[in-house]
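>>> okay, here's the prediction I keep looking at, along with the sequence it came from:
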Amino acid sequence: MSFDYEEIAGNFYLVIPIELKANEKRFLTRAYVDSGASFSIFNAEIADYLGLDYRKGDKIYPARVGGHICACINEIFISIHDIEIRCKVLFSDEFMVKFNLLGRAGIFDRFRVCFDDPEKKLYLYEKV
């Protein structure tokens, strides 16, 4: 499957539509594909919507631009198109950025990922 980079204010971003699932609830959102991120990370409001008591997850302090934040590891399902993946993700009430981040854990295990910057496309090939 392929995704076009999204142009925002003259810059191009690797933002793709995803669906998060937990406790029989679904949340449609978009996430920036970040090959430098070990985990996907989402704002705590999404965990609340999904009915997760995310603070029960193990705490870690991932580094990011501007320092560290406190985040909690939780397991949810992420769907990209019709492919559902069980993933360990981070939720944090300190994560205040424009985009959710789609990191390597779970996602890069399931797909071969090709960033085609000249064509402004992202390709995800499901591993069989």
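Perfect, I can see it now.

>>> just name the shakiest helix or strand of this protein by mean pLDDT.
Lowest by mean pLDDT, DSSP states H and E among the helices and strands of the chain is strand 63-64, with a mean of 66.

>>> name the residues of the biggest helix by length in the chain that come out as buried.
The residue-count maximum for a helix in the chain (DSSP state H) belongs to helix 44-49. Within helix 44-49, the residues scored as buried using 16 or more other Cβ atoms under 10 Å are 44, 46-47. All C-beta spots, glycine's among them, are computed from the backbone N, C-alpha and C.

>>> run a quick neighbour tally on Glu119.
11 (other Cβ atoms under 10 Å).

>>> please shift the residue numbers so they start at 28 in all later answers.
Understood, numbering begins at 28; the last thing we discussed is Glu146.

>>> so what's Asp31 bridging to?
Going by DSSP bridges, Asp31 is paired in beta bridges with Lys148.

>>> nope, Tyr59 is what I was after
Val42, Leu128.
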